[in-house]
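Undergrad: Okay, here's the prediction I keep looking at, along with the sequence it came from:
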Amino acid sequence: MNRDGCLALVGLRALESLGIRSVVHGFSDLAVESFGSFREFRPVADKADAFVVSADVFVGNIDYFMPRKSKTVIVGGDLGREENAFTSQMIFPDSDEAEINAVLKNLISSLGEEEIVPGELSQREKEVLRLIASGKINKEIADDLCISVNTVITHRKNLSAKLGIKSASGLSLYALMNGLI
């Protein structure tokens, strides 16, 4: 698999960076650049085609990485494997070599694909998102907004499609990180 481009490693520990470099160079000619922090990476961010980042860097810079999540692999650190929207694009401390290879090969093979940028949220979707983040269930959201439960379900589906986040906790984190709550 020969691809031109650049893979940015952001906020990883030295051994994590070395390991990922070794794996990537085993099957790709992709240039790999390491950055200790997002602040160090930001001036050259436009040159990167894909990203492998620590969970802390991802969460701390979610506005940057969410629109690029299909081109981003998160190194999970102490995070658990509970089901979420990113599990297929995460590497965990207990990931075996085959799993790491598969995740990185998938990332590199996606470089030729066009990035899908989430659509702008409507005002009503933002209201529904705020209520989801506050812990309300569909019926309570419907009552608060004077709409039907089916309409709430439709808004939730649209939010998941636009943001690529399926769980209520993921939507809540997105709302928090984007100042919606």
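TA: Looks like it arrived, so ask away.

Undergrad: Closest to the mean position in the protein, which residue would that be?
TA: residue 69 (3.9 Å; Cα atoms, centre = their mean).

Undergrad: For it, give me the backbone phi and psi.
TA: phi -60, psi -30 (degrees, to the nearest 10).

Undergrad: State the distance from it to residue 97.
TA: Distance of residue 69 to residue 97, computed by Cβ to Cβ, to the nearest Å: 24 Å. To be clear about C-beta, it is placed using only N, CA and C from the backbone, and glycine gets the same treatment.

Undergrad: List the buried residues for the top helix by length along the chain?
TA: Longest among the helix segments of the chain by residue count, using DSSP state H, is helix 149-163. Residues of helix 149-163 classed as buried by neighbour count (16 or more other Cβ atoms under 10 Å): 151, 152, 155, 156, 158, 159, 162, 163.

Undergrad: Let's have these in a markdown table, adding pLDDT and distance to residue 134.
TA: Shown next, in a markdown table, are the buried residues of helix 149-163 (pLDDT from 0 to 100; distance: Cβ to Cβ, whole Å):
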| residue | pLDDT | distance to residue 134 |
| --- | --- | --- |
| 151 | 92 | 18 |
| 152 | 92 | 14 |
| 155 | 91 | 15 |
| 156 | 91 | 14 |
| 158 | 88 | 19 |
| 159 | 88 | 15 |
| 162 | 85 | 20 |
| 163 | 84 | 17 |
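
Undergrad: Which one of these is nearest to residue 110?
TA: The nearest member of the buried residues of helix 149-163 to residue 110, counting by Cβ to Cβ, is residue 163 at 18.5 Å.

Undergrad: No more questions from me, cheers.
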